[in-house]
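In: Any chance you could fold what I've pasted below:
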Amino acid sequence: MTKTLLIAAVTIFCFFKLSGQPAPAKYGKIDMADIEMKVYDRDTTAEAVILCDYGVFNPSTFEFQRLLRIKILKKEGSYVVNRAYHINGLGSVKGCTYNLVDGQIIESKLKNESIFKEEVIPGRYRYRITMPDVRVGTIVEVQYSFTGLPMEWNFQDRVPVRLSELRIPVSADFTIQKAFFGFEPLSVNETGRWVAKNMPALRPEPYINSLVNYLNRAEIELSSIDIPGYWFYLTTTWEAVNIFLLEHKYFGESVKGLGLFLNDDAKSIKSLSIPEFEKMKAACDTVRRRIKWNEIESVFTTSETGFTYKKGSGNSADVNIILVQLLKKIGFDAFPIALSTRENGIISPSFPTINKFNYVIAGVKYNGKDYLFDATDPYLPAGMLPFRVLNGRGRIIDERYSNWIDLVPPCDQKETAYFDMKVDEFGELTGFITYTKNDYDAYYFRKDYKSHNSESEYLNEIESKFPGLTIINCKYKDLDSIQKPVIETYNVSLSGYSDIIGDMISINPLMIERMDTNPFKLEKRKYPIDFGHSIKKRIVMNLVFPEGYEVLEVPKPCNLILPEKSAQFTYNTTINGNSIQMTCNFSVNKTLFVESEYEMVKEFYNQVISKQKEVILLKQKL
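Out: Reported below is the predicted structural model:
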C-alpha cells in the first residue's frame, strides 16, 4: 500500500512538474523570423531544418501527441517533408503549409484526400501525406495524436534539428522501457523529459546498414499496464516477448496451423529422391512460386495463411511463415526467426522489444546446424538471405527454445571478369569481356537486368555509364537458373581508353573496371563500416598489342593486406611475346569494421585506387 502511494505521489509530482514547463511550440503559431529565414546559421549548407519536433504523452487520457515543424531552405530539401508517420490505432492527423507572400503568411491546409493510410500490422497504421504548396521558403507543420506510446523518438535527422523534445511522465498505471542511442549529448535528460537542441545533420555514408542505428534517438516499449480491472504484461524479458508472439493470432497461431492446404506440396517434396538439404531448398522454391511477396515488411501475417496461399500474395511474414509450415510438414525441425531489417535498425539484446521486429525468415535445425531461408524474392536462390535482412542477429521464436541466431551470409558477392582484347596502332581496343557472377553478385545482376524493359534498354544503360564503349553483341548463360552463376559475354570496342603520345601508346589495363573514387571521404567516421557480406572480385586481362611495338613499362606487382587478411589487393603483370597478361584481385573478407579501423580501410582504398591508375606503355620499335 505504501509503495503504491509512493508511486502515485511520484506520478503526480512528475506530471505537475512537466505541466509547468511551457510547450516549445503550438500548432498554427508561426514565428515571422522562421518564415523569413533563408539560411540556417548553424549549418549554411542545410537544404532544410527541423525547427521543432515536440511529443508529449498524457497519462490521464493515455494519448500521445506530436507536433513537427520543418523549414524548406533549398529545392533539394523538399524530400524531408515526404515521410511516413507510424500511428497506433485510428489516430487523428492535421497539417498546414505556410508561405510568405507580399509580407503576409499564407496558410494552405492539408486536405483529407491527401492523407493515405495503410494498416501495416493489426492495430498499427502507416500514414503518408502530400502537403500542399511546398516550395523553397515553406514551413510545413504536421500534428497527429493517437492512443498509446510511440515506438521510438528521433532527436536527430538527416537535416539539422533546432529543437526536439519528448515528454513522458512517470505513471503508476504503466511501466515503459527506454533505450537511448547516438553520439550527441542531450541538452536536458531528466525524469519524464528529454530535450535536444541544435542537433547536427547525420548524412548517409557508403556501407552503413542504416542511419537509424546512429541517430540520437530513444526506443520506447510499453512493458506493463496495471489499471484496476485491467492488467497487461508484455516485454519485460525476451521470454515474455517469445510468449506474446507464440500466442499471437497472426504469428504463433499461424505457425501452429494445420496447413492442410500444403498437404499436396509436402507430399510431392517428400517423394523426391534428393538429399535433405535439397528438400529444404525445394520447399523454399515452392513457396516462392506459389506466393508473390507484396514488398511489405512485417512480423505479423495479414490473415489466415490458407487464405494468403489461395490469394497468391502476401507480406514477408505471410510468405515465410507459410514456408515454416511447409518445412514442418515435410518433417524438419523448423521455426520462425523474427528480426529487424537493415533499414529498420539493429535490435539491442538488452532491450526486450516487439515493436522493433519488422520481418520474419524461416529457420531449420538439422544435424546440429542451423539453416536459414527466405522465400520472398524470385531471384534469390534458396539458402541465401536477401541483403535487407543481413543485420546482426534475429530471434528464434519457438515453444522449445527462444534464442538469438546470427544472420550470417552463407556466401560472398563474387565476380570474375576476363578481358581478351587487342589494341591497334591507333589505340582502339576490340575484343571480348566475359563476366562470371556468383552468389550475391549473380543475384544483384538478375534483379538489375530484370528491372529493365528489354535487353537493349539494359545494354544502352551500360554504354551510357562508360562513354566510348560500344557493345557489338552479347550472350547470357543461365540467366533464369537462379541456383547457378550467371555468365555474360560481350563483344566490344573501346574508344578513348588509351592515349597516343608521340610513338607511344598508354593504356590502363583495367579499362572499364578500375575504381576511380574512394567511397570513404570523411576525415573521421563515428559509426562502423558495414559491408553486409564479403566481396571478392578478380580481373584477368590478356592484351595483344600490334606488331612493331614493344613494352616500355608495366605496373609493378603489388600485394596489400590488412590485418588478419580482413581485406586484400594483389596486382601482377607478365609479358609474353606481343601480349600482356594482368591479374588483379580485390577482396573484403570481413563484413564489419569498427570506427577505430576507419582510417585504415580508407587508406587501403586510397592505395588500391592509386595502383589502378597505373598504365602500360607501349613504344614503337625503331
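
In: any idea how far Met421 is from Gly137?
Out: Distance of Met421 to Gly137, computed by CB to CB, to the nearest Å: 55 Å. All C-beta spots, glycine's among them, are computed from the backbone N, C-alpha and C.

In: neighbour count winner among the two?
Out: Using other CB atoms under 10 Å, the more surrounded residue of Met421 and Gly137 is Met421, with 22 against 17.

In: Local confidence estimate at the more buried one?
Out: Listed pLDDT for Met421 reads 97.

In: Can you verify it is assigned to a strand?
Out: Yes: when DSSP: H, G, I helix; E, B strand; the rest coil is applied, Met421 is found to be in a strand.

In: Pretty sure it sits against Asn542.
Out: Yes: checked against CB atoms under 8 Å, the pair Met421 and Asn542 is within contact range at 7.2 Å.

In: Low-confidence stretches in this structure?
Out: Low-confidence segments of the chain (pLDDT under 70): 1-20, 120-122, 227-236.

In: Walk me through the domains of it.
Out: Here the domain assignment for the chain is 2-231, 238-406, 413-620, based on automatic domain parsing.

In: for those, which one ends up most surrounded?
Out: Among the domains of the chain, judged by mean count of other CB atoms under 10 Å, the one packed with the most neighbours on average is domain 238-406 (a mean of 19).

In: Now do the end-to-end distance for that domain.
Out: From the first residue to the last, domain 238-406 extends over 16 Å; the measure is CA to CA, to the nearest Å.

In: Identify the residues contacting Ala567.
Out: By CB atoms under 8 Å, 6 or more residues apart in numbering, the contact set of Ala567 is 560-561, 587-590, 601, 604.

In: Restricted to helices, list the residues you listed.
Out: Cross-referencing the contacts of Ala567 against helices under DSSP state H gives 601, 604.

In: Name the nearest of the contacts of Ala567 relative to Leu186.
Out: Checking the contacts of Ala567 against Leu186 with CB to CB, the nearest one is Val601 at 30.8 Å.

In: Distance of the residue lying closest to that closest one once chain neighbours are set aside relative to Thr574?
Out: Spatial nearest neighbour of Val601, excluding adjacent residues (CB to CB, 6 or more residues apart in numbering): Phe593 at 5.4 Å. Between Phe593 and Thr574 the computed distance is 33 Å (CB to CB).

In: which SS class is the residue positioned nearest the centre of the chain?
Out: Centroid-nearest residue in the chain, with CA atoms, centre = their mean: Glu343, separated by 3.6 Å. Under the three-state scheme (three-state DSSP), the conformation of Glu343 reads as coil.

In: check contacts around it.
Out: 210, 212, 388.

In: Just the ones of those residues in strands?
Out: When DSSP state E is applied, the contacts of Glu343 are split such that none fall in strands.

In: just the helices in the stretch 251-400 of the chain please.
Out: Using DSSP state H, counting those that start in this stretch, the helices of the stretch 251-400 of the chain run over 252-256, 263-270, 276-290, 305-311, 316-330.
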